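# below are the sequence and a predicted model for it; my questions follow.
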Amino acid sequence: MPDLSSACHAVAAGISPDHLGPYLIVGAVLFALGVGVVVTRRNAVGFLMGLELILNAAALNFATYARFRPHGGELDGQVMTLFIIVLAAAEAAVALALLFAVFRTSGDIDLEQTVVLASPRAPEAARALGAARVLGEASSSSPSGNHA
């Protein structure tokens, strides 16, 4: 038998599922945790988990706003949430496949260690993006032996 005392205390304290605030607070906490994980994690798997938290926060907000709209019978928020879930599943599948490929070639999934992919045009692409640090690492590890 489920314990309903905590639900009764929450309703008595003014926190009920009939208010918009608690849903938005949970969505904001999920989003903040996701951003914190994305910013602080160097591991690619941790980065992907943070991205999933951000997508889940957006899905929660879509479903919440759809529930509390004045014209309550519309399914716009639920449809957007379904699209977010499908997008997250596709993103996870593609990202994990890329991670496996990177791990096979470099032996590490640390995002700081896998900066430049093996490409003959990598220095030009890095220069176009303005990544001076990437260029410095690429030129110091070049097999030509000339160090400028």
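Right, received. Where do you want to start?
# among the helices and strands of the chain, which one scores worst on average pLDDT?
Using mean pLDDT, DSSP states H and E, helix 5-12 stands out as the lowest-scoring helix or strand of the chain, at a mean of 49.
# tell me which other helices or strands the helix or strand residue 32 falls within touches.
Taking DSSP states H and E as the criterion, residue 32 maps to helix 21-40. Helices and strands touching helix 21-40, by 3 or more Cβ pairs under 8 Å, 6 or more residues apart in numbering; DSSP states H and E, are helix 44-67. Every C-beta, even on glycine, is put in place using the N, C-alpha and C of the backbone.
# show me what the helix it packs on is packed against.
helix 21-40, helix 76-106.
# comparing the ones you listed, which gets the lowest mean pLDDT score?
Of all these, mean pLDDT reaches its minimum on helix 76-106 (a mean of 86).
# buried sites along that one?
Neighbour-count burial for helix 76-106, counted by 16 or more other Cβ atoms under 10 Å, picks out 77, 80-81, 84, 88, 95, 99, 102.
# which residues touch residue 53?
Taking Cβ atoms under 8 Å, 6 or more residues apart in numbering, we find residue 53 in contact with 30-31, 33-34, 37.
# how far away is it from residue 32?
Separation of residue 53 from residue 32 (Cβ to Cβ, to the nearest Å): 9 Å.
# residues contacting the nearest residue to residue 23 once chain neighbours are set aside?
Excluding the flanking residues, the one nearest residue 23 by Cβ to Cβ, 6 or more residues apart in numbering is residue 64, at 4.0 Å. The contact partners of residue 64, by Cβ under 8 Å, 6+ apart, come to 20, 23-24, 27, 77.
# confidence score at residue 127?
The predicted structure scores residue 127 at 56 on the pLDDT scale.
# care to break the chain down by domain?
5-108, 115-148 (automatic domain parsing).
# tally of neighbours for the nearest residue to residue 38 once chain neighbours are set aside?
Distances taken as Cβ to Cβ, 6+ apart place residue 50 nearest to residue 38, at 3.8 Å, with adjacent residues excluded. By other Cβ atoms under 10 Å, the residues close to residue 50 number 19.
# where's residue 31 relative to residue 75, distance?
In terms of Cβ to Cβ, residue 31 sits 23 Å off from residue 75.
# an error on my part: the question was meant for residue 93.
Separation of residue 93 from residue 75 (Cβ to Cβ) stands at 26 Å.
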